[in-house]
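Asker: I need the structure of the sequence given here:
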Amino acid sequence: MTESPVDEELWQEFHTVVNMTSRELGDWLRESRAGTDTEALPDRAGPPVGRQVLAILGKRRADLTREDVEVMAGVVDRVRSQRGEEPEPTSGNAAWRHHLMDLGHDPLKPV
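Answerer: The predicted structure is shown next:
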């Protein structure tokens, strides 16, 4: 049996700050990048980090790579730096909320 490259603490933190389901995140990434002139292919919709988070959500813990772990740690750090350790649901401005949603964190949902 192969040991997962992600420790329990990061695994839990990531799944706490990423409070959108894979379906919600996938829908958001496709919707947020849809335009009247052009629309990205579904697997290329949204920013790269959002697509990486979506891919991580679709993996089993044992299947994570070192790159996945780096993305997970980066997402936790970015969300925590913008939201604090114990964030309360808040709307903030639209651009801020959308940036966080690109990371899989909806600030309107409880953590």
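Asker: Only C-alpha atoms from now on, for both contacts and neighbour counts.
Answerer: Will do.
Asker: lowest average confidence, helix or strand, in this structure?
Answerer: None of the helices or strands of the chain scores lower by mean pLDDT, DSSP states H and E than helix 22-32, at a mean of 90.
Asker: And that one, what does it pack against?
Answerer: The helices and strands touching helix 22-32, judged by 3 or more C-alpha pairs under 8 Å, 6 or more residues apart in numbering; DSSP states H and E, are helix 48-57, helix 94-102.
Asker: hmm, 7 Å instead?
Answerer: In terms of contacts (3 or more C-alpha pairs under 7 Å, 6 or more residues apart in numbering; DSSP states H and E), helix 22-32 is packed against helix 48-57.
Asker: Name the residues of the helix it packs on that are buried.
Answerer: 49-54, 56-57 (16 or more other C-alpha atoms under 10 Å).
Asker: Put together a markdown table for those residues, with distance to Leu29 and pLDDT on each row.
Answerer: Formatted as a markdown table, the buried residues of helix 48-57 follow (distance: C-alpha to C-alpha, whole Å; pLDDT from 0 to 100):
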| residue | distance to Leu29 | pLDDT |
| --- | --- | --- |
| Val49 | 11 | 94 |
| Gly50 | 7 | 95 |
| Arg51 | 8 | 95 |
| Gln52 | 11 | 96 |
| Val53 | 11 | 97 |
| Leu54 | 9 | 96 |
| Ile56 | 15 | 97 |
| Leu57 | 14 | 97 |
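Asker: tilt between the host helix or strand of Glu70 and helix 48-57?
Answerer: For Glu70, the host element (DSSP states H and E) is helix 66-83. With axes from the mean of the first three to the mean of the last three C-alpha atoms, to 10 degrees as the basis, helix 66-83 and helix 48-57 are set at 120 degrees to each other.
Asker: Could you list the residues in contact with helix 66-83?
Answerer: Residues outside helix 66-83 that contact it (C-alpha atoms under 7 Å, 6 or more residues apart in numbering) are 5-6, 10, 13-14, 17, 56, 100, 103.
Asker: redo that, cut-off 6 Å
Answerer: Residues outside helix 66-83 that contact it (C-alpha atoms under 6 Å, 6 or more residues apart in numbering): 6, 14.
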